[in-house]
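# structure of the sequence below:
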Amino acid sequence: MSRFASAFALIATITTAPVFAQSTPDAEIDTLFAALGLPEIVEVMHEEGLAYSTTLGEDMLPVAAARDWAEAAQAIYDPQNMLREVRATFETELQGDDIDAMLAFFTSEAGARIIALEVSARRAFLDEAVEEASTQAATVQMRDETPRYLLVKDFVDTNDLIESNVVGALNSSYAFYTGLIDGGAMPADVTRDTALQDVWAQELDIRDTTTEWIFSFLLMAYQPLSDAELNTYIAFSETDAGQQLTAALFVAFDGMFEDISRALGLNISRLLLTQEL
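Predicted coordinates:
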């Protein structure tokens, strides 16, 4: 997940920020949650998830199970449940953190513009043609190590986006395997240990795919930003508040994805067993 904007804007937003301390903690979290565009992002993830579930069902289930699988996927990717889970973990992870500094940045004009660009790009990526075109353009920038690529790379490194996303993807993959195993549809020789080995065997491919997606997405999302605006975003990311926020977002979303992945595995197993009866 990501966030912000201009060379002196960060200083201005911190020194002239409204006094959020008078609000209740819940109200502050709600304000920050909305300012980060998280309800909109979760809605996009809901749509992404349903599209993924269709492909998953086609790959793993007989045609006769299609209707039941579609119903199961709708329940698993219920946007309200997704939102509640992310919101609850997000609040827990931010206990004791510098929420005022986060609010100061993301309720500023600069922060709001960054979030709008991120949400817009995420929605645009629902169109496979847009994502493919963005990937092709990013590949050229990465190959040529353009100044904008290097600046985005600085942002990616500051927020540890590659490693954190790879770890999250590996954990989600393992959660899916455990769902399949616990659901009872896997052969006896497929255990949690063998599943873990299979997941680690995917690490290089996941890292390559993750790197490609992150740069494709960020280079597209941040294209309208000036270098000064992007440098200010990087500067915020380097602060304690920026690091705290990034960590909280990863914990919140990783937990949601692990739960979803396990539920997918359990329901795939259930339907496979039902079809065998």
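# next secondary structure after the strand or helix carrying R84?
Following DSSP states H and E, one finds R84 within helix 79-93. Note on helix 79-93: by DSSP H and E, the next helix or strand toward the C-terminus is helix 99-106.
# next helix or strand past that following helix?
Criterion used, DSSP H and E; the element after helix 99-106 is helix 109-124.
# elements contacting that next one?
Helix 109-124 sits against helix 9-15, helix 25-35, helix 38-60, helix 99-106, helix 203-221, helix 227-238, with contacts defined as 3 or more C-beta pairs under 8 Å, 6 or more residues apart in numbering; DSSP states H and E. All C-beta spots, glycine's among them, are computed from the backbone N, C-alpha and C.
# could you pull out the buried residues of the fifth one?
By neighbour count, with 16 or more other C-beta atoms under 10 Å as the criterion, the buried positions of helix 203-221 are 206-207, 210-211, 213-221.
# which residues does Q275 contact?
L61, P62, A64, A65 (C-beta atoms under 8 Å, 6 or more residues apart in numbering).
# in TSV: those, plus pLDDT, secondary structure and distance to E48.
TSV is the format used below for those (pLDDT from 0 to 100; DSSP: H, G, I helix; E, B strand; the rest coil; distance: C-beta to C-beta, whole Å):
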residue	pLDDT	secondary structure	distance to E48
L61	96	coil	20
P62	95	coil	25
A64	94	helix	26
A65	95	helix	22
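# please indicate which of those are buried?
Buried among the contacts of Q275 by 16+ other C-beta under 10 Å: L61, A65.
# out of the contacts of Q275, the closest to A241 would be?
Closest approach to A241 among the contacts of Q275 (C-beta to C-beta): L61, at 45.3 Å.
# so the closest one sits against L271, correct?
Yes. At 5.7 Å, L61 counts as touching L271 under the criterion of C-beta atoms under 8 Å.
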